[in-house]
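K.L.:
build the 3D model from these lines:
(one chain, ligands or ions: 1)
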Amino acid sequence: MGISWEKYIAVTRQRPARKPLVDALQYVDKKEHALNIGAGAHMDSRYLLESGFDKVTSIDPDPASQLCAEEIHDPRFEFYLTKAEDYNFKPNTYDLISAQMVFPYIERSSFPRVLCEIKASLTERGILTVWIFGDRNGKMLAKTKNDVLYFSREETEALFSGMEVLDFIEEEKDQSSPVHGKMTHYHEFFVIARKK
Ligand SMILES: C[S@@+](CC[C@H](N)C(=O)[O-])C[C@H]1O[C@@H](n2cnc3c(N)ncnc32)[C@H](O)[C@@H]1O
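P.N.:
The predicted structure follows:
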């Protein structure tokens with residue numbers, strides 16, 4: 001897709017852990033292994049380590065994310081420079097999977113397969129926490145707007161079919177973007193679901 005996330009990663013290096021991830025931890029039964037997809041500046045990777053997971057795996061295809069990963073010196077942490085489309089999601093592996101603002105950037109044709117693999121790679125009662133853009137979200141990346149996935153409410157609900165939905169929040173607001181500073185219309189979904 002050719003988006004460079006370097007600037008985004010630079011401006012999010014000091015942010016707190018994403019709320020959908022923080023909220024999801026109350027539902028986690030065991031903390032053996034967590035996966036952070038589209039880890040960016042790794043604030044959530046750090047949060048998962050601080051939260052006591054035995055192992056935290058993070059993936060992201062952007063070299064700027066790899067540089068941030070190299071600053072984490074913790075034997076429980078591993079990083080793979082890869083897109084979700086190319087990652088080997090092993091079945092029944094993760095007690096928690098966090099995907100904050102990354103589903104929209106997965107290749108459209110691969111998305112259904114990747115979603116199936118993500119669900120299959122959760123352990124029994126494993127938790128999936130997701131932040132995605134709704135179909136009324138402003139087109140924030142105009143050059144690539146046809147490549148970014150926007151989800152209707154019905155499509156969002158369908159993503160979690162076969163799972164127990166624990167939290168489903170839809171938000172719509174106008175706010176300046178933390179990256180380019182311009183007013184942007186945000187329409188977003190924050191969902192936490194448990195594998196049955
Ligand atoms: C909007 S940022 C979100 C970063 C981080 N999750 C956060 O909440 O700050 C999107 C991140 O997803 C990564 N990304 C883009 N396409 C991806 C893909 N196909 N698979 C995995 N990660 C991807 C980008 O490199 C970037 O770090």
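
K.L.:
what's in contact with the helix ranked longest in the chain?
P.N.:
When the chain is parsed with DSSP state H, its longest helix is helix 111-120. Residues from elsewhere that reach helix 111-120 (C-beta atoms under 8 Å, 6 or more residues apart in numbering): 37, 84-85, 89, 91-92, 97, 99, 103, 106, 128, 149, 159, 162-163, 195. Glycine gets a C-beta too; all of them are placed from N, C-alpha and C.

K.L.:
out of those residues, who's nearest the ligand?
P.N.:
Using C-beta to the nearest ligand atom, A84 is the member of the contacts of helix 111-120 that lies nearest the ligand, at 3.7 Å.

K.L.:
show me what counts as buried in the longest helix of the chain.
P.N.:
Neighbour counts over helix 111-120 (16 or more other C-beta atoms under 10 Å) mark F111, V114, L115, E117, I118, K119 as buried.

K.L.:
ditto for stretch 179-187
P.N.:
Neighbour counts over stretch 179-187 (16+ other C-beta under 10 Å) mark T184, Y186, H187 as buried.

K.L.:
also stretch 157-166?
P.N.:
L159, F160, M163, L166.

K.L.:
residues in contact with it?
P.N.:
Applying C-beta under 8 Å, 6+ apart, the contact partners of stretch 157-166 are 27, 103, 115, 119, 127-128, 130, 132, 151, 168, 191-196.

K.L.:
buried ones among these?
P.N.:
27, 103, 115, 119, 127-128, 130, 132, 151, 191-195.

K.L.:
show me the two of those that sit farthest apart.
P.N.:
Spanning the widest gap among the buried ones among the contacts of stretch 157-166 are Y27 and F151, at 22.0 Å by C-beta to C-beta.

K.L.:
three-state assignment of N92?
P.N.:
Secondary structure, DSSP: H, G, I helix; E, B strand; the rest coil: N92 is coil.

K.L.:
ok, it touching K195?
P.N.:
No - look at N92 against K195 with C-beta atoms under 8 Å: they stay out of range, at 9.4 Å.

K.L.:
overlap in contacts, these two.
P.N.:
Common contact partners of N92 and K195 (C-beta under 8 Å, 6+ apart): L122, T123, E124.
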